[in-house]
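J.: kindly return the folded structure for what I paste below:
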Amino acid sequence: MPEVLIGTSGYDHPELKGSFYPADLPRKDFLSFYSTKFNALELNSTFYGMPTAERINSFYERTEGKIKFTVKLTRILTHEIDGLWKNRAEEFKAAVIPLIEKNALATILVQFPESFGYSEKNRFYLSDLLKELSPLPCVVEFRHRDWIRDSVFEGLSKRDTGIVFCDMPQ
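T.: Got it, this is the predicted structure:
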């Protein structure tokens, strides 16, 4: 039977003290406690800044190896794309090596903004980005509805890349 992973997007939510986290639990221990309840976690802090191998390894260590991680791709590769993106993709890949070595990487979440519409330029960028991130397991989340088409699903499937659908009001 396939492994079932259950987790949340992020874990550092002080507003959950007293409801999910024990009221007397120090914030520095949130991740360790979280790993006693779930077996998966989306690291979304990596979206806001380029992660380092040391920081990624610290997440793993605090969970004592109990968690499989989805690591959100940094926004400089999805929202703020520039001419140095290939170097930054290599830097990101190097940062997640500790999770790969410990078999704790579930996937990389490549989340594009709604402004990343379906166009020839963006299709080529997506293809090139997935090649650069290879062999990392990736899933893509589009926020622009024009990406939701059979040809995109087929292209992602050929690249062994999953798709994420966000449950949003519209």
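
J.: C-alpha only now, for contacts and for neighbours.
T.: Will do.

J.: need the contact list for the closest residue to residue 85 other than its chain neighbours.
T.: Leaving aside its chain neighbours, residue 85 sits nearest to residue 77 (6.1 Å; criterion: Cα to Cα, 6 or more residues apart in numbering). Contact analysis of residue 77 by Cα atoms under 8 Å, 6 or more residues apart in numbering lists 85, 88-89.

J.: by neighbour count, which of those wins?
T.: Within the contacts of residue 77, most neighbours by other Cα atoms under 10 Å means residue 89, with 20 neighbours.

J.: contacts only, for it.
T.: 77, 129, 132-133.

J.: among these, which ones are buried?
T.: Applying 16 or more other Cα atoms under 10 Å to the contacts of residue 89, the neighbour count classes 77, 129, 132-133 as buried.

J.: how much space between residue 30 and residue 24?
T.: Distance of residue 30 to residue 24, given as Cα to Cα, to the nearest Å: 11 Å.

J.: pLDDT (mean, whole number) over the top helix by length along the chain?
T.: The single longest helix within the chain, with elements called by DSSP state H, is helix 120-133. Averaging pLDDT along helix 120-133 yields 97.

J.: can you give me the offset of that helix from its chain's centre?
T.: 17 Å (Cα atoms, centre = their mean, to the nearest Å).

J.: state the mean pLDDT of the very next helix or strand once past it.
T.: Under the assignment DSSP states H and E, the closest C-terminal helix or strand after helix 120-133 is strand 138-141. For strand 138-141, mean pLDDT is 98.

J.: helix, strand, or coil at residue 163?
T.: Look at residue 163: counting by DSSP: H, G, I helix; E, B strand; the rest coil, its state is strand.

J.: renumber starting at 24 from here on
T.: With 24 as the first residue, the last one maps to residue 186.

J.: who's in contact with it?
T.: Contacts of residue 186 by Cα under 8 Å, 6+ apart are 162-164, 176, 179.

J.: how about 7 Å then?
T.: When contacts are counted by Cα atoms under 7 Å, 6 or more residues apart in numbering, residue 186 touches 162-164.

J.: which parts of this protein are strands?
T.: Remark: strands assigned in the chain by DSSP state E are 30-32, 63-66, 91-95, 128-134, 161-164, 185-187.

J.: and among these, the most buried is which?
T.: Most buried of the strands of the chain, by mean neighbour count (mean count of other Cα atoms under 10 Å): strand 91-95, with a mean of 24.

J.: for that strand, packing partners?
T.: Where contact means 3 or more Cα pairs under 7 Å, 6 or more residues apart in numbering; DSSP states H and E, strand 91-95 is packed against strand 63-66, strand 128-134.

J.: sheet-wise, list the partners of the first one with their directions.
T.: According to DSSP bridges, strand 63-66 has the following sheet partners: strand 30-32 (parallel), strand 91-95 (parallel).
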